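> After the sequence you'll find the predicted model.
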Amino acid sequence: MEESDSRIIKALVDLISKSRGRRITIKARSLLKFAGLDSRHSNILRTAKVLGRLASNGYVRVESSKPIKSRSRILKYIITESMELWKSAKENPDGTVNMLLKRLRDMSNQASGNIN
C-alpha cells in the first residue's frame with residue numbers, strides 16, 4: 001500500500017462526504033486530479049486498480065460505455081446514497097478512510113498469500 005493509495009481513498013471519501021446530491025459518478029483520471037496526484041499513466045492505472053478493488057467488494061458500481069472485453073473502454077465509477085460507502089462517508093469520513101485502507105490492505109495480503 002502506497003501513499004498514493006491513501007490519497008486516492010481520502011479524495012473519494014471527501015468527494016462523497018461533501019456532495020450535496022444523491023449520486024457521484026467519477027472516472028479514475030478525475031479522482032486522480034482531485035487527489036492532487038499528477039496524471040501520469042501509471043497513476044491513472046493505480047487509481048483504476050484501487051477503484052476496481054472497491055468495486056469487486058461492492059463499495060462502488062462500475063459502468064462502461066463499451067463492452068467489458070474492449071481494451072479502449074473508459075470506466076465510470078458510481079456511488080449512490082443507497083450504498084454502504086455513501087452512508088459511512090457521510091456519517092464518519094475519517095473512520096471510512098481507515099476502514100477502506102484496511103480493507104485494501106487485507107485484499108492485497110490475500111492476493112499475495114500473506115495472510116496475517
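Yep, it's here.

> Which helix runs longest in this protein?
helix 93-112 (DSSP state H).

> Grab the nearest non-local neighbour of the residue most central in space within the chain.
In the chain, the residue lying closest to the centroid (Cα atoms, centre = their mean) is residue 51, at 3.4 Å. Spatial nearest neighbour of residue 51, chain neighbours left out: residue 77 (4.8 Å); criterion: Cβ to Cβ, 6 or more residues apart in numbering. Where you see a C-beta, it was placed from the backbone N, CA and C, and this is true even at glycine.

> downstream neighbour of the helix or strand harbouring the one you found in the secondary structure list?
Using DSSP states H and E, residue 77 sits in strand 75-80. Sequence order places helix 84-91 as the next helix or strand after strand 75-80, per DSSP H and E.

> Which residues belonging to that next one are considered buried?
Neighbour counts using 16 or more other Cβ atoms under 10 Å place 85, 86, 88, 89 of helix 84-91 among the buried residues.

> Identify the farthest-apart pair in the residues you listed.
86 and 88 (7.3 Å; Cβ to Cβ).

> Now residue 95: closest residue in space that isn't a chain neighbour?
residue 88 (7.2 Å).

> re the thing from before, ok, now which ones touch the residue nearest to the centre of the chain?
Shown in contact with residue 51 (Cβ atoms under 8 Å, 6 or more residues apart in numbering): 12, 28, 31, 60, 62, 75, 77.

> what about burial for the residues you listed, which qualify?
12, 28, 31, 60, 75, 77.

> Mind giving me the packing neighbours of the helix or strand harbouring residue 25?
Taking DSSP H and E as the criterion, residue 25 maps to strand 23-26. Secondary-structure packing of strand 23-26 (3 or more Cβ pairs under 8 Å, 6 or more residues apart in numbering; DSSP states H and E): helix 3-18, strand 75-80.

> run the last query once more with 10 Å
Using 3 or more Cβ pairs under 10 Å, 6 or more residues apart in numbering; DSSP states H and E, the elements in contact with strand 23-26 are helix 3-18, helix 28-34, strand 61-64, strand 75-80, helix 84-91.
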